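J.: generate a structure from the sequence data that follows.
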Amino acid sequence: MHNPLDDAAADPFAIAREAAERIAERTGVDRHEVALTLGSGWARAAELMGETVAELPATEIPGFSAPAVTGHVGTVRSVALPDGRHALVLGARTHLYEGHGVRRVVHGVRTAAAAGARVMVLTNGAGGIRAHWRPGTPVLIADHVNLTATSPLEGATFVDLTDLYSARLRELARSVEPTLEEGVYVQFRGPHYETPAEVRMARTLGGDIVGMSTALEAIAARHAGMEVLGVSLITNLAAGIGSDPLSHAEVLQAGRDAEPVISRLLARIVERV
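T.: Below is the predicted model:
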């Protein structure tokens, strides 16, 4: 199926507005104040946040496509929060390594902004560089290092990223769970896992977490004027930190094991956002 974002001359923001209009039409909700992208292990949070108003296949919304990665659901969901607000839950994430281009990677974020969201919550499953972070540990993202060699911004578009990951939202998250630690997320292109030497490089650069998503989405969210909260689920120790070989099956199992706890945590955080 042709995706309009694949046309070089297309306006990605116009397509995001069209997608937001389709969501409003199909859900009956004019404005979604909060948006979440749910990575591996985080999917059940949508069920715990409130009542689902509508759930749409992502392929029915302009610019979206079905997820190519096991562990991601291919839907967009509107959830009524207890305080009367609505959350837009994006279960269809496109990763850069899928080869569709960066416009598709950040389309969900831009659609969320067009739908009215002022807060963007980005979650992921990732590898931990700190040895005491065992699989199942949630970690707040305080900053990132973008090693993808690309940006979602086109042309002379200059955006200040000094406080990209909101200190206010991180403090709010710690008011829900005071034991939450934070770290610097390093995004690699993937899809292969990092080598031990690359993990050592990431640690030398100041990194604490390694993964294949989130940083580009966060940049697009800031450009759109949203406040960003990033949370990683440590699904494994990064290469060379632990002794076990890495596998996607391990990532999925760690997500399943941690899902009840981290989903409740995220739902409680969203209540206060």
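J.: can I assume G41 is in contact with L233?
T.: Yes. If you go by CB atoms under 8 Å, G41 and L233 touch, sitting 4.5 Å apart. Every C-beta, even on glycine, is put in place using the N, C-alpha and C of the backbone.
J.: list residues touching both of these two?
T.: G125, A254, G255, A258, I262 (CB atoms under 8 Å, 6 or more residues apart in numbering).
J.: tell me what the helix or strand containing the first one is packed against?
T.: In this case it means G125. Using DSSP states H and E, G125 sits in strand 119-128. Applying 3 or more CB pairs under 8 Å, 6 or more residues apart in numbering; DSSP states H and E, we find strand 119-128 packed against strand 34-37, helix 107-114, strand 137-146, strand 209-211, helix 215-223, strand 227-237, helix 248-272.
J.: distance from that strand to the middle of the chain?
T.: Its chain's average C-alpha position is 5 Å from that of strand 119-128, according to CA atoms, centre = their mean, to the nearest Å.
J.: and what of stretch 240-250?
T.: For stretch 240-250, the distance to the chain centre is 22 Å (CA atoms, centre = their mean).
J.: so what touches that stretch?
T.: Outside stretch 240-250, the residues that touch it by CB under 8 Å, 6+ apart are 70-71, 127-129, 131, 135, 193, 195-197, 199-200, 235-237, 239.
J.: now restrict those residues to buried residues only.
T.: Neighbour-count burial (16 or more other CB atoms under 10 Å) applied to the contacts of stretch 240-250 gives G71, G127, G128, I129, P135, Y193, V199, R200, T235, N236, L237, A239.
J.: let's have these in TSV, adding pLDDT and distance to T157.
T.: Output for those, formatted as TSV (pLDDT from 0 to 100; distance: CB to CB, whole Å):
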residue	pLDDT	distance to T157
G71	52	32
G127	94	31
G128	96	33
I129	97	31
P135	90	38
Y193	92	32
V199	96	31
R200	97	33
T235	90	33
N236	88	35
L237	88	37
A239	86	34
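J.: just the closest of the residues you listed to A45, please.
T.: Of all those, A45 sits closest to G71, with 14.2 Å by CB to CB.
J.: quick revisit: how about TSV for the shared contacts of G41 and L233, with neighbour count and pLDDT added?
T.: Shown next, in TSV, are the shared contacts of G41 and L233 (neighbours: other CB atoms under 10 Å; pLDDT from 0 to 100):
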residue	neighbour count	pLDDT
G125	24	92
A254	21	75
G255	21	74
A258	22	83
I262	22	89
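J.: list just the nearest of these to V34.
T.: Ranked by distance to V34 (CB to CB), the shared contacts of G41 and L233 are led by I262 at 17.4 Å.
J.: tally of neighbours for the residue lying closest to the closest one once chain neighbours are set aside?
T.: In this structure, I262 finds its nearest non-sequential neighbour in P138, 5.1 Å apart by CB to CB, 6 or more residues apart in numbering. Burial of P138 is recorded as 23 neighbouring residues (other CB atoms under 10 Å).
J.: I figured P138 hits R264, correct?
T.: No. When contacts are counted by CB under 8 Å, P138 is not listed as touching R264 (10.9 Å).
J.: E47 - how many residues pack around it?
T.: Residues within reach of E47, counting by other CB under 10 Å, total 14.
J.: OK, contacts around the nearest residue to it once chain neighbours are set aside?
T.: Excluding the flanking residues, the one nearest E47 by CB to CB, 6+ apart is S263, at 7.6 Å. The contact partners of S263, by CB under 8 Å, 6+ apart, come to W42, A43, R44, A45, E47, L48.
J.: with pLDDT added, can I get the residues you listed in TSV?
T.: Converted to TSV, those look like this (pLDDT from 0 to 100):
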residue	pLDDT
W42	85
A43	81
R44	85
A45	88
E47	89
L48	91
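J.: can you tell me which of those is nearest R31?
T.: Nearest to R31 among the contacts of S263 is A45, at 20.7 Å by CB to CB.
J.: that closest one contacts I269, doesn't it?
T.: No. Using CB under 8 Å, A45 makes no contact with I269, being 9.2 Å away.
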